[in-house]
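Peer 1: the following comprises the amino acid sequence and a computationally predicted model.
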Amino acid sequence: MPTLLVEIGCEELPAWACTEGAAQLPELCERHLGRRPDELYAGPRRLAVILRELEERTPDEWVKGPPEALAERAAEGFARRHGVAVAELEPRDGFLGVTIPGRPLAQVLPERLEQVVRGFAFSRTMRWDESGLRFPRPVRWICALLDDEAVEVGVVPSGQVTYGHRFTHGRVEIPSASRYAETLREEGGVEPDRAERFRQITEGLDALGGWSDPAGVLDEVVHLVESPIVLEGRFGERFLQLPERVIVTTMQSHQRYFPLGGNRFAFVANGGDPDVVRAGNEAVLESRLDDASFTFERDVQRGIDALAEALPAITFFAGAGTFADKTERIARIVDRLGGGDASREAARLAKADQASELVREFPDLEGAIGAEYARLAGYPEAVCAAIEEQYLPDSAGGPLPETEAGKVLAAADKIDTLTVAFELGHRPTGSRDPFGLRRAAIGLARLALEGGLRIPRALLEPEVRDFVEERLEGLLDVPVEFVRAARASDVPELGQVAELARVLASLPDERLDRLHTVFTRAHRIVAKADEEELPELRSELLHDEAEVAVARALSDFEAGAAAASDFDAAVAAAEELAAPLERFFEDVLVMADDRELRRNRLRLLADVRDAVSSRLGDLAQIPR
Amino acid sequence: MAPTYQETIAALQGFWADYGCVIVQPYHTEVGAGTFNPATFLRCLGPKPWKTAYVEPSLRPSDGRYGENPFRFQQFLQYQVVLKPAPPDVLDLYFASLEHVGIDLVRHDVRLVEDNWEGPTLGAWGLGWEVWLDGMEITQWTYFQQLGGMDVELVPAEITYGLDRLAMHVQGKRTVLDLEWAPGVTWADVYLENEREWSTYNFEVAPVDVLMRRFGEHEEECRMLLDRRLPLPAYDQVLKCSHVFNLLDARGAISVTERAAYIARVRDLARAVAQLYLEVDADAAG
């Protein structure tokens, strides 16, 4: 049984295209060749599969024709369409039909392979000639072999020729499908297997030791080379004066190097004389660092205070004023968050680096650069650290600021961005969130939850507050209904909403049931009556012993429990209200015939409802 | 002896002339890149094959640093090659041109790294690479897909060599300033004062009010020329708008919001010019 090789030869594919292509090939093979591949290769110049032990013929196919009962009328036309005599039609399960014999695999392959090549769905494609093919980069050859027989695919030059390393090897003939990878390795000087390249590269990096990849360029690098060699380079120690993140970003995002610490770095070449290639890469990195140093020194010469003075000329975003405006707003929020001297000073300087040349070059390093400039200007470390931490957390699971001033500044920055963006109508919709408001809201919630920062809910406009508190629902490990119940309370701080939700969710069922039953009952009765204007409670109208007891319990609750410092005490206090309420529901007719009496009783229940929901939230949100 | 800068340029001119390119000259109006030269932008429209190569001094007013930073300049030289349609062996040709200027492809690490190009003021984009030579970007490589908002009929390959960097490599120099331009004459001798004065002009002196007014005037003149069905002169007005925009940007006179609006105005003109160019071209053929 034959083995099939199909290699799609390309001009250098982007790494993402290698990944997408490799992911789609198994399914494409299954659809057009009947089987998933036994081996799969992906790299910048080739996507290839090997399928072993294929059937030499495609299976016979029975085409169903007319029912036997209608043979007289329909059989002749059906037979003619399929080029057979009526007598040759075969009956099966009450129908007449014809067997289309399978064809030799070699005969069907050209069209099947073309379907494979045309069948990819890449996220970005191009045209390059009149073939009508679309691919992420031009397809220049197809190497297709059924054992040792070349398969012609019409759409691009095809046969048993492939190409190895561009400059050292060139044209290679594959003798037979099963010898694809070894021939490419031996005669082409390239490693077609992604996993093997990955292994070689990480082995080389490990041998140098201490490598890191904070920006995650390794997966791309694996698809930037076919003949990987891992080399070590060094740059002049004079550049170590630059902020470390500037050095790392220069290495990683521009050059795809791996920092080794100090002035050493590793990189992966695709061939060449190691000494020549190393010298070239060192010179390139030094040029970039020289350029960054030049920019850095100009900024430092101006100094962070002068940079801060340039902020009135820089727009935050359209309609949201300048960075000077933003600085003032942040300072006000810092005060309302109770920030100390360090956070106030940090707020004043927080956005200064937006005026620096280095941030214009390295926008992702905002904050880190400002912190460095503040250090160089001799500001206290607490101020510098806060500037550095102001954008944290910058991802859903990312670390929080470690310093108190950092937490305050980070919260103030996020509150301002959210408030301004919502005011301008930039609420995120679907996947569109150009101002990163979801991330800001999650960050703010986490600063309260995990960072223990006291964030007054009153600082957030209603729309912003809802948006932030909705994020709490996803962050807390309790059913969302408990969070919704807690959100309806009047607790003053964001973190308390979470705390309350947790306390409610941790109550044993029988205690929660009891509270839930009496308070939702009060809630429902009042809700039915809420179109009536209820006057203030009049104690002289309280006749029944049960209603007097509820009123007394309520004032006890308001006086004592509401002042309780923790939610457990508040729950316990609410439970003191449960017994009188239960008796009330049994003994007292709320809907009394006397209007005054009726309205007074409704008022009493409404007061109970309001007192409890203010402290414990809307228990009716919790399904029972 | 390493070849001088002018010898490297001459070698590229020779290579592409031998291949059959029409060697045209730099355009007489300021451009930000060789792509803006009508020999690329306009000639890449429509169904007619075209091969050209030329040096283009490219102006990026914001990038100047008064000649003080040896890695930043407001003017740099590009070598631009356009092959329309791109022949199947176009990459091999390009690599042969590198060998022709003295680069040993076996001793060095030469690679194609994804880099897609978008020219928002021209309504243009394409897919391609930056070419790395031991980690240094020496060429921008683009297969145009759209120009003036229209799909290209024949897909051209645009090869844009960064001449300064290529020559730095060939001569083993750390900065452009030290390049030997001609025997005994350096790049600094030729262009350093130019950087000082133009950086001063671009960042400090260029009169914002006048430039603002000029932008509008060029735009108006472009529309008038479109009405008169003169796409080539109209295209010059597009280039002037584009350059005035770059100057205003360098002067910090354009806010983030206005930016998009300015770009859209230039793009609208470029689209209209491209369409008219095709119409006039078809009339002439018809």
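Peer 2: Perfect, I can see it now.

Peer 1: show me what contacts the nearest residue to A:Asp618 once chain neighbours are set aside?
Peer 2: In this structure, A:Asp618 finds its nearest non-sequential neighbour in A:Ala488, 3.6 Å apart by CB to CB, 6 or more residues apart in numbering or on different chains. From N, CA and C alone the C-beta is placed, and that goes for glycine too. By CB atoms under 8 Å, 6 or more residues apart in numbering or on different chains, A:Ala488 lies in contact with A:Ser613, A:Gly617, A:Asp618, A:Gln621.

Peer 1: once you drop chain neighbours, what's closest to whichever residue of the stretch 401-550 of chain A sits closest to chain B?
Peer 2: Nearest to chain B in the stretch 401-550 of chain A, going by CB to the nearest CB, is A:Leu424, at a distance of 12.1 Å. Nearest non-adjacent residue to A:Leu424, counting by CB to CB, 6+ apart: A:Gly319, 4.9 Å away.

Peer 1: now stretch A:430-448: mean pLDDT?
Peer 2: The pLDDT scores in stretch A:430-448 average 90.

Peer 1: and the residue nearest to A:Leu424, what element?
Peer 2: For A:Gly319, there is no helix or strand it lies in under DSSP states H and E.

Peer 1: residues in the stretch 1-150 of chain B within reach of chain A, list them.
Peer 2: Proximity of the stretch 1-150 of chain B to chain A, by CB under 8 Å from any CB of the partner chain, involves residues B:65, B:68-72, B:85-86, B:88, B:91, B:95, B:105-114, B:126-127, B:129, B:133-136, B:143, B:145.

Peer 1: now render the contacts of A:Ala488 as JSON lines, adding pLDDT and neighbour count.
Peer 2: Converted to JSON lines, the contacts of A:Ala488 look like this (pLDDT from 0 to 100; neighbours: other CB atoms under 10 Å in any protein chain shown):
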{"residue": "A:Ser613", "pLDDT": "88", "neighbour count": "20"}
{"residue": "A:Gly617", "pLDDT": "91", "neighbour count": "25"}
{"residue": "A:Asp618", "pLDDT": "90", "neighbour count": "20"}
{"residue": "A:Gln621", "pLDDT": "88", "neighbour count": "18"}
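
Peer 1: going by distance to A:Phe235, which of those wins?
Peer 2: Closest to A:Phe235 out of these is A:Gly617 (58.7 Å), distances taken as CB to CB.

Peer 1: wait, that closest one sits on A:Val503?
Peer 2: No - when contacts are counted by CB atoms under 8 Å, A:Gly617 is not listed as touching A:Val503 (10.0 Å).

Peer 1: okay, and the common contacts of these two?
Peer 2: Common contact partners of A:Gly617 and A:Val503 (CB under 8 Å, 6+ apart): none.

Peer 1: for residue 198, which non-adjacent residue is closest in space?
Peer 2: Just so you know, I chose chain A. Leaving out its chain neighbours, the residue that sits closest to A:Phe198 by CB to CB, 6+ apart is A:Val222, at 5.0 Å.

Peer 1: ah, I was thinking of chain B
Peer 2: B:Gln74 (5.3 Å).

Peer 1: what sits against the one you found?
Peer 2: Applying CB under 8 Å, 6+ apart to B:Gln74 gives the contacts B:Leu59, B:Arg60, B:Pro61, B:Ser62, B:Asp63, B:Gly64, B:Glu195, B:Trp198, B:Ser199, B:Asn202.

Peer 1: the fourth one - nearest residue in space that isn't next to it in sequence?
Peer 2: I take that to be B:Ser62. In this structure, B:Ser62 finds its nearest non-sequential neighbour in B:Ala250, 4.4 Å apart by CB to CB, 6+ apart.

Peer 1: contact partners for the one you found?
Peer 2: Counted by CB under 8 Å, 6+ apart, B:Ala250 has contacts B:Pro61, B:Ser62, B:Gly64, B:Asn202, B:Phe203, B:Ala206.

Peer 1: so where's chain A shaky on pLDDT?
Peer 2: Scanning chain A for pLDDT under 70 picks out the ranges A:530-532, A:561-565.

Peer 1: count the neighbours of B:Pro70 for me.
Peer 2: Neighbourhood size, B:Pro70 [other CB atoms under 10 Å in any protein chain shown]: 18.

Peer 1: typed the wrong thing, it's B:Pro207
Peer 2: If you count neighbours by other CB under 10 Å, B:Pro207 ends up with 12.

Peer 1: how much space separates it from chain A?
Peer 2: Distance from B:Pro207 to chain A, counting by CB to the nearest CB, to the nearest Å: 19 Å.

Peer 1: how about the secondary structure of A:Gly451?
Peer 2: Look at A:Gly451: counting by DSSP: H, G, I helix; E, B strand; the rest coil, its state is coil.

Peer 1: hmm, I was thinking of A:His426
Peer 2: The three-state label given to A:His426 by three-state DSSP is coil.

Peer 1: ok, and the closest non-adjacent residue to it?
Peer 2: Using CB to CB, 6+ apart and skipping residues adjacent in sequence, the residue nearest A:His426 is A:Phe435, 5.6 Å away.

Peer 1: quick check: longest helix of chain B.
Peer 2: Ranked by residue count and defined by DSSP state H, the top helix of chain B is helix B:256-285.

Peer 1: in that one, what's buried?
Peer 2: Neighbour counts using 16 or more other CB atoms under 10 Å in any protein chain shown place B:262-263, B:265-278, B:281 of helix B:256-285 among the buried residues.

Peer 1: ok, and the closest non-adjacent residue to the residue of the stretch 51-200 of chain B found nearest chain A?
Peer 2: Residue nearest to chain A within the stretch 51-200 of chain B: B:Asp134 (2.5 Å; CB to the nearest CB). Leaving aside its sequence neighbours, B:Asp134 sits nearest to A:Gly280 (CB to CB, 6+ apart; 2.5 Å).

Peer 1: element containing the one you found, please.
Peer 2: Going by DSSP H and E, A:Gly280 is in helix A:274-302.

Peer 1: next, A:Glu226: phi, psi?
Peer 2: phi -120, psi -10 (degrees, to the nearest 10).

Peer 1: tell me how many other residues surround it.
Peer 2: 22.

Peer 1: how far away is it from A:Leu337?
Peer 2: Distance of A:Glu226 to A:Leu337, given as CB to CB, to the nearest Å: 55 Å.

Peer 1: ok, now A:Asp353?
Peer 2: Using CB to CB, A:Asp353 is found at 22 Å from A:Leu337.

Peer 1: can you pick out the residue with more neighbours from these two?
Peer 2: A:Asp353 (27 against 20).

Peer 1: got the contact list for that one?
Peer 2: Applying CB under 8 Å, 6+ apart, the residues contacting A:Asp353 are A:Ile304, A:Leu307, A:Val359, A:Glu366, A:Gly367, A:Ile369, A:Gly370, A:Tyr373, A:Ile387.

Peer 1: can you flag the buried ones in those residues?
Peer 2: For those, a neighbour count by 16+ other CB under 10 Å gives the buried set as A:Ile304, A:Leu307, A:Val359, A:Glu366, A:Gly367, A:Ile369, A:Gly370, A:Tyr373, A:Ile387.
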